[in-house]
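Visitor: I would like to see how this sequence folds:
(one chain, ligands or ions: 2)
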Amino acid sequence: MSKVIIRRADEGLREIISDVFDAFGVELQGKKVLVKPNIVAAFPPGSGVCTSPEVVEAVVSEALDRGGDVVVGDNPGGVDRSSYATAERAGIVAASRGRFRNISEQVVRVPTDSPYTDEFVISRVVLEADVVINLPCFKTHVLTTITGAIKNVYGYVAGTSKARLHLQAPSRRRFSEMLCDLYRVRVPDLHIMDGLLAMEGNGPTHGRVRELGLILASDDGLALDATMARMMGIDPASVKMLAIAHERGLGELEEDKIEVVGEPLRPIPDFALPTSFSASPAEQVVILDKLGKLVPVLKEERCVACGDCELNCPAGALTLDPLPVITADKCISCFCCVELCPEGAMEVPEGVAPDLFDRMFR
Ligand code: SF4
Ligand code: SF4
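Guide: Ligands and ions are numbered 1, 2, ... in the order given. So this is what the prediction gives:
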């Protein structure tokens, strides 16, 4: 049986974080502690993209008070941004009480039996930490449907290695399998999910933001993600990443194996899922997927021709001429260009269901 705590943030963040540490028996005195927020890209506080500064500040303060030797860090998405500049824009440097580090600078190569790569190039601090505290966000994701505790460990991977892994595991199923391989390298000790804001629709960067006002926590990342999925109105078993994690024994998925403590688990009314997700195998959608290529669509009126998408495309499928042009044959439908466009100018095509495409054809 796993336990997930759901608390209303207006009860006081510090008090909640303290209760969470006690509930899961997290000892920090004299320990090296890595606090791992989600710093996906350079978006400001309030955009619902990165972990909220107030959550980071509360966790860091509590961990310091409990005698932890704290480092805060993440490897943002994209290949051309320093993690410091990205974290500063997200308000996380200021929230880290002097403990923020550019963890991308020192990396280790970890051998793996993953079918997609021989090694993961990850930040050294991940393996050196006695305690890893994961701070995912309550968000949807156009590729993996949700981004939560398990997906947030993709930030272990440093620099350009992220793009390489997208290329080596180029579908929802393969990418989800690779994520589970990575998660096993260092399973975080505690997951505290920022649910102050939720992102619905086409997350993780350009969905709609909703006030939620919750903190969720568990020492079982899969149970936490499954609980988030249920609140979003999704059957967790239909999320490939979670189903694979469950098959591999990485935590609990089923409702009767997860004890929810604090606030009740209530589905959020009318929560919008990514347009790239469909849990029902409608034949016409499958046919449409098979015939169509899942290539992102450019909204020209929003594009400022900054070139970030060209830099971040792992497949070399995208060039600026002068606006982005995608070579469909090269595109692997990873949606990195959608996720990392600062203007929200790249969109997932409407009416497609890559999960069904993956299930049937890849
Ligand atoms: S689509 Fe986005 S990332 Fe690409 S050039 Fe236009 S604004 Fe920049
Ligand atoms: S064009 Fe976009 S979706 Fe296609 S491979 Fe490049 S980054 Fe991925």
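Visitor: Quick check: buried residues in stretch 192-210?
Guide: Buried residues in stretch 192-210, defined by neighbour count with 16 or more other Cβ atoms under 10 Å: 192-207, 209-210. C-beta coordinates here come from the backbone N, C-alpha and C atoms, glycine included.
Visitor: From the residues you listed, which land in strands?
Guide: 192-200, 209-210 (DSSP state E).
Visitor: Out of these, which comes closest to ligand 2?
Guide: Met199 (19.5 Å; Cβ to the nearest ligand atom).
Visitor: In space, what's closest to Ala229 - neighbours in sequence excluded?
Guide: Take Ala229 and drop its neighbours on the chain: the residue closest to it by Cβ to Cβ, 6 or more residues apart in numbering is Pro236, 4.3 Å away.
Visitor: Domain map for this protein?
Guide: 2-262, 283-361 (automatic domain parsing).
Visitor: Go through these and name the closest to Pro274.
Guide: domain 2-262 (4.8 Å; Cβ to Cβ).
Visitor: avg pLDDT for that closest one?
Guide: Across domain 2-262, pLDDT averages out at 96.
Visitor: Show me how far that domain is from its chain's centre.
Guide: Once both centres are worked out by Cα atoms, centre = their mean, to the nearest Å, domain 2-262 turns out to sit 6 Å from its chain's centre.
Visitor: Tell me who's in contact with Leu161.
Guide: Small correction: residue 161 is Ser, not Leu. Each residue near Ser161 by Cβ atoms under 8 Å, 6 or more residues apart in numbering is listed here: 120-121.
Visitor: How about the residues of the stretch 201-350 of the chain by ligand 1?
Guide: Within the stretch 201-350 of the chain, the positions near ligand 1 by Cβ under 6 Å from any ligand atom are 298, 303-309, 324, 341, 343, 345-346.
Visitor: Out of the residues you listed, who's the most crowded?
Guide: In terms of neighbours by other Cβ atoms under 10 Å, those top out with Cys309 at 29 neighbours.
Visitor: Roughly how far does it sit from ligand 2?
Guide: Note on Cys309: its distance to ligand 2, by Cβ to the nearest ligand atom, to the nearest Å, is 6 Å.
Visitor: How about that residue, nearest residue that isn't a chain neighbour?
Guide: Cys309's closest residue in space is Cys337 (Cβ to Cβ, 6+ apart), at 3.9 Å.
Visitor: count of neighbours near the one you found?
Guide: Neighbour tally, Cys337, other Cβ under 10 Å: 25.
Visitor: Touching, it and Leu311? I think so.
Guide: No. Using Cβ atoms under 8 Å, Cys337 is not in contact with Leu311; the gap is 9.8 Å.
Visitor: got CSV for the residues of the stretch 201-350 of the chain next to ligand 1, with distance to Phe21 and pLDDT too?
Guide: Putting these into CSV (distance: Cβ to Cβ, whole Å; pLDDT from 0 to 100) gives the following:
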residue, distance to Phe21, pLDDT
Leu298, 46, 96
Cys303, 45, 97
Val304, 44, 96
Ala305, 47, 95
Cys306, 42, 94
Gly307, 44, 94
Asp308, 38, 92
Cys309, 41, 94
Pro324, 46, 96
Cys341, 38, 94
Glu343, 40, 93
Ala345, 42, 95
Met346, 40, 94
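Visitor: Strands - which of those land there?
Guide: Per DSSP E, these map to strands at 298, 324, 346.
Visitor: thought the last one was touching Leu298?
Guide: What it means is Met346. Yes. Between Met346 and Leu298 there is a contact under Cβ under 8 Å: 6.1 Å.
Visitor: Please, where are all the helices along the stretch 251-362 of the chain?
Guide: When assigned using DSSP state H, counting those that start in this stretch, the helices of the stretch 251-362 of the chain occupy the ranges 283-291, 308-312, 336-340, 354-361.
Visitor: Now do the same for Ala353: its pLDDT.
Guide: 52.
Visitor: do the same with Ala279
Guide: Ala279 carries a pLDDT score of 62 in this model.
Visitor: now swap in Glu350 and tell me
Guide: In this prediction Glu350 is given a pLDDT of 71.
Visitor: what residues are up against it?
Guide: Thr275.
Visitor: Return the distance of it relative to Gly78.
Guide: 25 Å (Cβ to Cβ, to the nearest Å).
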